[in-house]
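Peer 1: Have a look; sequence and predicted model below, questions after that.
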Amino acid sequence: TSSTRPQRLLRAVQRKATKGDPQSVISAIDYFCRNSEWAMNVGDEKGPILDSVVCEVSPATALELGTYCGYSSVRIARLLPVGTKLITLEFHPDYACIARQVIQHAGLEDKIFLVEGASGDLIPKMADMFGISTFDFVFLDHWKDRYLPDLKLLEECQLLRKGSVLLADNVICPGTPDYLEYVRNSPRYESRYFQSHLEYTKVEDGLEKSVFLG
Ligand SMILES: Nc1ncnc2c1ncn2[C@@H]1O[C@H](/C=C/CNC(=O)c2cc([N+](=O)[O-])cc(O)c2O)[C@@H](O)[C@H]1O
Ligand SMILES: [Mg+2]
């Protein structure tokens, strides 16, 4: 029977990456996407920008919207201080299943809570589910038309505090025009664009970093 691309990506990790070594999992996925099949991971050019923002924020509480195969979950969680956790939301059960195995191969299952479900349903439950009050860092990488509604939901649920950092992938390609317009024009955000390229290609893309001003 035919396999799916996420299954083939996982197989490449299991074959090439060293168990318990997050960097080798990241390298195995990037190698697979450059040499076998493109996949929508933040990738090896935007990834270091993500890394630098995570290190700068050094979040005690971090949220990711859209796990997919777990590539950015591994990138983020490998940098988190001991005792801190990444909560990542994924509504496609098959992708969640692959991501759990990628995360396990990286040895990061104790630093990552993967919750299956839609962000719109789960965000209002985050405080109760995880006993947190606000997120220090949010990485948005799910369906592009959900970035703005979910940002507004985070605001409404008071899950952002003065200084919370939002980092959004693909603000140019595929593009998130309504989200960009909001964070760049709202007096409640200080926004900055990090120009880069769409993963594994020469097409322009970039990350938008927005700090919530309270
Ligand atoms: N509301 C929600 N709650 C939970 N999980 C959700 C969700 N909406 C989507 N997801 C999940 O997030 C991933 C979608 C990513 C969309 N990215 C993309 O469409 C994408 C496309 C390109 N591209 O076309 O070049 C490049 C990229 O870097 C991209 O991230 C999938 O795993 C999907 O199941
Ligand atoms: Mg993306």
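Peer 2: Received, thanks. Ligands and ions are numbered 1, 2, ... in the order given.

Peer 1: pLDDT at the residue in the chain that ligand 1 sits nearest to, what is it?
Peer 2: Closest contact between the chain and ligand 1, by CB to the nearest ligand atom, is at residue 66 (2.9 Å). Bear in mind the C-beta positions are built from the backbone N, C-alpha and C, glycine included. At residue 66, the pLDDT value in this model is 98.

Peer 1: Equivalent analysis for residue 174, please.
Peer 2: 98.

Peer 1: quick one on the thing from earlier: what's the residue of the chain closest to ligand 1 in contact with, if anything?
Peer 2: Residues in contact with residue 66, defined by CB atoms under 8 Å, 6 or more residues apart in numbering, are 89-90, 119, 140-143.

Peer 1: Which phi and psi values does it adopt?
Peer 2: Residue 66 adopts backbone torsions of phi 100, psi 90, taken as degrees, to the nearest 10.

Peer 1: Also residue 122?
Peer 2: Main-chain torsions, residue 122, degrees, to the nearest 10: phi -90, psi -30.

Peer 1: Can you give me the neighbour number for it?
Peer 2: If you count neighbours by other CB atoms under 10 Å, residue 122 ends up with 20.

Peer 1: pretty sure it is in contact with residue 115, am I right?
Peer 2: Yes - under the criterion of CB atoms under 8 Å, residue 122 makes contact with residue 115 at 5.8 Å.

Peer 1: Name all residues that sit in contact with these two at the same time.
Peer 2: Residues touching both residue 122 and residue 115 (CB under 8 Å, 6+ apart): 89, 129.

Peer 1: you'd agree residue 50 is up against residue 139?
Peer 2: Yes - counting by CB under 8 Å, residue 50 does reach residue 139; the two are 6.9 Å apart.

Peer 1: Look at those two and report which has more neighbours.
Peer 2: A count of neighbours by other CB under 10 Å puts residue 139 above the other of residue 50 and residue 139, at 26 against 22.

Peer 1: And the residue of the chain closest to ligand 1, how far from residue 180?
Peer 2: 17 Å (CB to CB, to the nearest Å).

Peer 1: same question, residue 132
Peer 2: Counting by CB to CB, the gap between residue 132 and residue 180 amounts to 27 Å.
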